[in-house]
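# Provided below are the primary sequence and the corresponding predicted coordinates.
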Amino acid sequence: MPLLQAILDGLMLGGVYAVISIGLTLVFGVISIVNFAQAQFLMVGMYVAYFAWHFLGLDPLFGSVISFIVVFVLGYAVQHLLVRRVLNAPEVAQIFLTVGLLIVLENLALILVGSEFKSVQTWSQNESLEFAGLIVSMPYAIAFLASGVAGVMVWWLLAKTWWGRTVRATAQDPMAAKLMGIDPDKIYRLSFGLGVALTAFGGAIILPYLTVSPSVGEQFGVLMFTVVVLGGLGNVLGAVVGGLAVGVIQSLSGLFLPLQLQNMVLFIVFILTLAFRPEGLLRNKS
């Protein structure tokens with residue numbers, strides 16, 4: 001039973017890891033740039049949800065919608081003002097830009113809100129669900145369900161809509177897409193905005209069981225890259241599979257290993273994947 005409980009807990013975590021990592025893999029799949037500041041947009045989303053709760057009394061589940069909208073606008077502006085200028089530049093320029101954006105966002109948050117850890121209080125924090133001897137914390141269940149809904153909506157948007165077809169066409173061949181009347185620059189702006197907004201949404205829905213501070217992105221940055229490497233960078237379905245895998249690996253590691261070594265197995269898997277299957281568990285596709 002402890003093993004089943006650990007697997008269930010891992011799946012709950014993995015669902016959230018998946019939705020915050022879909023944003024990272026979407027940005028790379030469409031724009032072909034690795035956004036090292038992705039986790040800092042998660043931090044921004046958490047702060048937006050926190051202040052929506054603090055000043056408006058909104059549950060983070062509803063605040064996550066505000067986080068999505070605010071960070072989408074921010075991401076749209078960042079892509080238009082900064083990222084588009086290095087799309088054709090050497091990769092080192094792209095790395096320096098996104099790492100610089102990481103530093104700016106983290107330190108701007110430090111200046112504006114301070115270094116204190118902030119948390120919310122919601123009706124669900126002390127609630128849990130029990131079935132067949134297994135227990136699921138209500139905040140984890142809500143976050144998992146919200147992540148699932150967001151993931152399905154993104155899949156539908158990319159697979160079933162005209163806009164999704166233009167995104168996939170632009171990702172495959174921007175020049176051919178332009179000849180067909182598609183504006184690649186607009187697709188890039190919308191895709192970057194959607195990518196960082198998804199990560200911010202994920203940050204908001206996990207706020208009930210975490211605290212937020214300017215450095216919170218650091219603990220998720222490596223996890224997000226582990227997820228997309230496992231699933232295949234640029235592969236949306238791979239991000240889902242990788243997120244669930246990372247959640248289960250992390251949970252099972254905590255069951256058998258001391259807390260200090262909880263992530264050791266995860267990073268061993270990460271290194272082995274890079275060494276023997278760098279394309280990820282699933283073939284790379286946008």
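Happy to help now that I have it.
# Grab the longest helix from the protein for me.
Using DSSP state H to assign secondary structure, the helix with the most residues in the chain is helix 2-31.
# Mean confidence (pLDDT) on that helix, please.
What helix 2-31 shows for mean pLDDT is 90.
# Which strands and helices lie in contact with it?
helix 38-56, strand 134-137, helix 138-160, helix 162-172, helix 184-205, helix 216-231, helix 236-256 (3 or more Cβ pairs under 8 Å, 6 or more residues apart in numbering; DSSP states H and E). C-betas here are computed from N, CA, C, even on glycine.
# buried ones in stretch 219-232?
Residues 220-221, 223-232 are the ones in stretch 219-232 that count as buried (16 or more other Cβ atoms under 10 Å).
# I misspoke; the intended subject was stretch 186-193.
187-193.
# next one: stretch 171-181
Neighbour-count burial for stretch 171-181 flags 171, 174, 177 (criterion: 16+ other Cβ under 10 Å).
# and the buried residues of stretch 219-232 as CSV, adding pLDDT?
Output for the buried residues of stretch 219-232, formatted as CSV (pLDDT from 0 to 100):
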residue, pLDDT
220, 90
221, 88
223, 87
224, 90
225, 88
226, 87
227, 90
228, 88
229, 85
230, 86
231, 84
232, 81
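# Any chance of CSV for those residues, columns distance to residue 119?
Below are the buried residues of stretch 219-232 laid out as CSV (distance: Cβ to Cβ, whole Å):
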residue, distance to residue 119
220, 17
221, 21
223, 20
224, 22
225, 26
226, 26
227, 25
228, 28
229, 31
230, 30
231, 31
232, 35
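# Among these, find me the one that's closest to residue 127.
residue 220 (24.9 Å; Cβ to Cβ).
# distance of the residue nearest to the closest one when sequence neighbours are not counted from residue 282?
Leaving aside its sequence neighbours, residue 220 sits nearest to residue 39 (Cβ to Cβ, 6 or more residues apart in numbering; 4.6 Å). Going from residue 39 to residue 282 by Cβ to Cβ, to the nearest Å gives 23 Å.
# Repeat that for residue 16.
If you go by Cβ to Cβ, the gap between residue 16 and residue 282 works out to 20 Å.
# Out of these two, name the residue with the larger neighbour count.
Taking neighbours as other Cβ atoms under 10 Å, residue 16 and residue 282 compare with residue 16 leading, 23 against 17.
# can you tell me which residues contact that one?
Neighbouring residues of residue 16 by Cβ atoms under 8 Å, 6 or more residues apart in numbering: 143-144, 147, 202, 205-206, 243, 247.
# could you redo the last one with a cut-off of 10 Å?
Residues near residue 16 by Cβ atoms under 10 Å, 6 or more residues apart in numbering: 140, 143-144, 146-148, 150, 202-203, 205-206, 220, 243, 247.
# Can you pull out the low-pLDDT segments for the chain?
In the predicted model, the chain carries pLDDT under 70 at residues 1, 260, 283-286.
# Now render the helices and strands packed on helix 2-31 as CSV, adding distance to residue 80.
Putting the helices and strands packed on helix 2-31 into CSV (distance: least, Cβ to Cβ, whole Å) gives the following:
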stretch, distance to residue 80
helix 38-56, 16
strand 134-137, 40
helix 138-160, 21
helix 162-172, 16
helix 184-205, 5
helix 216-231, 22
helix 236-256, 23
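# quick one: which of those is nearest residue 65?
Closest to residue 65 of the helices and strands packed on helix 2-31 is helix 184-205 (Cβ to Cβ; 7.9 Å).
# what packs against that closest one?
helix 2-31, helix 38-56, helix 60-81, helix 138-160, helix 162-172, helix 174-179, helix 216-231 (3 or more Cβ pairs under 10 Å, 6 or more residues apart in numbering; DSSP states H and E).
# For residue 120, which of the ones you listed is the nearest?
Of all the helices and strands packed on helix 184-205, it is helix 38-56 that lies closest to residue 120, at 4.7 Å by Cβ to Cβ.
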